[in-house]
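Q: using only what follows, build the 3D model:
(one chain, ligands or ions: 1)
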Amino acid sequence: MTETYHRIMHRDSRNLNFIESGSVDLIVTSPPYPMIEMWDETFTELNPVIKHALSEEDGYKAFELMHLELDKVWSELYRVLRSGGIMCINIGDATRSLGKRFRLYPNGARILSKLVHLKFDVLPKILWRKSTNSPTKFMGSGMLPAGAYVTLEHEYILILRKGEKRPFLSDTEKKIRHESSYFWEERNKWFSDMWEWDVGSVSQELTQESLRDRSGAFPFELPYRLINMYSVKGDCVLDPFLGTGTTSLAALSSCRSSIGIEIDEGFSNMIAELLCSCLEQANSYISERLAQHTRFIEQYELKKGKPKYINETYGFPVITRQELKLGYNSIQSIELNNSKNAETIHAVYYDDPSVICNPQYTQKDLF
Ligand SMILES: C[S@@+](CC[C@H](N)C(=O)[O-])C[C@H]1O[C@@H](n2cnc3c(N)ncnc32)[C@H](O)[C@@H]1O
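A: Residues are numbered from 1 along each chain as shown. Got it, this is the predicted structure:
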């Protein structure tokens, strides 16, 4: 039976002693961003001295104290990640005025420096460009030199590896790797170092009273791509800053298991509901991905003629030999099990990836 498990835990990720060393295949996450005001309270709860540094308008001290809390999580993540495993961190720098000083707080650089110290191998990163049309986006002295500031319109996806490349040695490992491959045209887009509007956006508003006002969530497509780029079916994906549950949703939709950790218990019902009700949308995401490939091939054939290879699962043309065995498993059922301190969601898939569930959604309804 093809199945995955999704553990949602409400705990503090600075201590992950309940996760075995080397047991996680991939980490995809986005921490609270140091020096962005919406996260001041979260950091102050982790270390009350931060509030003092902010009220003294000592920006660099507050910045460093916030990162010292995140550093504890990065150390734990190095321990739980398997050798050859990848970690992807979505983070943005912060701009902020404290007292009379306007500064950029370089979160991406500060995190990378800690990760190098921990002995992660740094891989090329992705710039996620989030351009805004807001008329107030330019800050400072307008058209008068020299006090205007460049607008921050991008975030990073930092990509790191623990140790040497992951080996796929046995026949079973090789088979799963080939079945988990992505399309040639997806590779061309996903492995570009600049991701733009096509990653999508997500409403940041949280309406539940017990929750903060804004989610800080990333769009579904972001962890979905990273999970498909850096793991294979059946792997375990960890997000130590789970928020609304987007990474677990993307893992479930991609036939990977997941562990999600979120310190704020208020998100519990929301995440369980999201995962338990995603079956039709997740299946439609797969059928839309296949439909996009078919459209791509139609265009390709007009320009360059018939591709050389036929995919063995779906019988449509593909560009490379590496896509011959590719196949995505649709979900058959999802069920929730509650236990003390954790919810576990169990998903069962059709073993045969050629079973495509009828799309009931159009592209714009998906996540
Ligand atoms: C930027 S948000 C993540 C949003 C998430 N990617 C999503 O799509 O919803 C960071 C999350 O980390 C949580 N958090 C902060 N400190 C934490 C800690 N020490 N352990 C676990 N979660 C923490 C916050 O409550 C917040 O929900």
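
Q: going forward, measure contacts between C-alpha atoms and count neighbours the same way
A: OK.

Q: pretty sure F218 is touching S201, no?
A: Yes. Counting by CA atoms under 8 Å, S201 is a contact partner of F218 at 7.3 Å.

Q: what about this structure, any weak spots by pLDDT?
A: Flagging of the chain using pLDDT under 70 yields the residue ranges 340-341, 358-367.

Q: for it, longest strand please?
A: Looking across the chain with DSSP state E, the single longest strand is strand 81-91.

Q: by contact count, what packs against that strand?
A: Applying 3 or more CA pairs under 8 Å, 6 or more residues apart in numbering; DSSP states H and E, we find strand 81-91 packed against strand 24-29, strand 154-161.

Q: what residues does the stretch 151-300 of the chain put near the ligand?
A: For the stretch 151-300 of the chain, the contact set with the ligand under CA under 6 Å from any ligand atom comprises 215-218, 240-246, 261-264.

Q: among these, which are in helices?
A: Taking DSSP state H, the ones among those that sit in helices are T246.

Q: which among the residues of the stretch 151-300 of the chain next to the ligand gets closest to R82?
A: For those, the minimum distance to R82 (CA to CA) is 15.5 Å, reached by P240.

Q: for the residue most central in space within the chain, which non-adjacent residue is spatially closest?
A: Per CA atoms, centre = their mean, the C-alpha nearest to the average position across the chain is that of P223, at 3.0 Å. The shortest distance from P223 to any non-neighbouring residue, by CA to CA, 6 or more residues apart in numbering, is to T247 (5.6 Å).

Q: residues contacting the one you found?
A: Going by CA atoms under 8 Å, 6 or more residues apart in numbering, T247 touches V28, T29, F220, P223, Y224, D239, G260.

Q: same thing with G142?
A: Applying CA under 8 Å, 6+ apart, the residues near G142 are A148.

Q: same question for M66.
A: With contacts taken as CA under 8 Å, 6+ apart, M66 has the following neighbours: P34, F43, N47, I50.

Q: how close does the residue of the chain positioned farthest from its centre sit to the ligand?
A: Most distant from the centre of the chain: L144, at 40.3 Å, with distances by CA atoms, centre = their mean. Distance, L144 to the ligand, using CA to the nearest ligand atom, to the nearest Å: 35 Å.

Q: so that residue: helix, strand or coil?
A: For L144, the assignment made with DSSP: H, G, I helix; E, B strand; the rest coil gives coil.
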